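Quick one, fold the following:
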Amino acid sequence: MAYAASMCGIRALTAMKHVGMNVAMDPLMTSGYTGAYGGFVIVTADDPNCHSSQNEQANRYVGLHAYIPVFEPYNPQEAKEMVKYAFDFSENFRTPVILRTTTRISHVRGVVTLGSIRKGKVKGEFLKEPSRWVVIPQNARRLRVEMLKR
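Residues are numbered from 1 along each chain as shown. Prediction:
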């Protein structure tokens, strides 16, 4: 749903644990090719040392594999600021962005200065572009070149 919102020019964020990224892999890989109109931020919480998961996984490598930029905050304040930056980055380069957190960042406490909140679009418009959104091999080959340029 977040990807669809971005396709319509609306900022969208989706969040999942690292193993959820495995479930989302098919549309995730395609989103790297097709890009994003509205900012598209994917928050993934990796679990080094298996504190609360069945395996360890480093989704920064998923970003490399999918040609999707990965940002990784150091503390709660940086995480908050990085979300804003990730949305702007996503919109400027028309690409999805992964914000990778870890168990430590997701469970830590810290002071966060809120600041102003930008009002987002509620209604978007889907532009029919079959050569972009229908990722058949002919389109995918061209989209891959465009993705690498971004």
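
need the contact list for the closest residue to residue 53 other than its chain neighbours.
Leaving aside its sequence neighbours, residue 53 sits nearest to residue 47 (C-beta to C-beta, 6 or more residues apart in numbering; 4.1 Å). Using the backbone N, CA and C atoms, a C-beta is placed for each residue, glycine as well. Residues near residue 47 by C-beta atoms under 8 Å, 6 or more residues apart in numbering: 17, 18, 53, 56, 57, 102, 103.

Relative to residue 119, how far out is residue 20?
Using C-beta to C-beta, to the nearest Å, residue 20 is found at 29 Å from residue 119.

higher neighbour count, these two?
Legend: neighbour count by other C-beta atoms under 10 Å for residue 20 and residue 119, higher for residue 20 (15 against 6).

I would like the residues contacting the helix or strand hosting that one, please.
Using DSSP states H and E, the element containing residue 20 is helix 18-23. Residues outside helix 18-23 that contact it (C-beta under 8 Å, 6+ apart): 16, 28, 42, 44-47, 53-55, 57-59, 62.

Show me what counts as buried in it.
18, 19, 21 (16 or more other C-beta atoms under 10 Å).

Now do the strands in this protein.
12-17, 40-46, 70-71, 97-102 (DSSP state E).

could you dump these to CSV with mean neighbour count, mean pLDDT and distance to residue 147?
Putting these into CSV (neighbours: other C-beta atoms under 10 Å; pLDDT from 0 to 100; distance: least, C-beta to C-beta, whole Å) gives the following:
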stretch, mean neighbour count, mean pLDDT, distance to residue 147
strand 12-17, 18, 94, 19
strand 40-46, 25, 95, 14
strand 70-71, 20, 97, 15
strand 97-102, 22, 94, 13
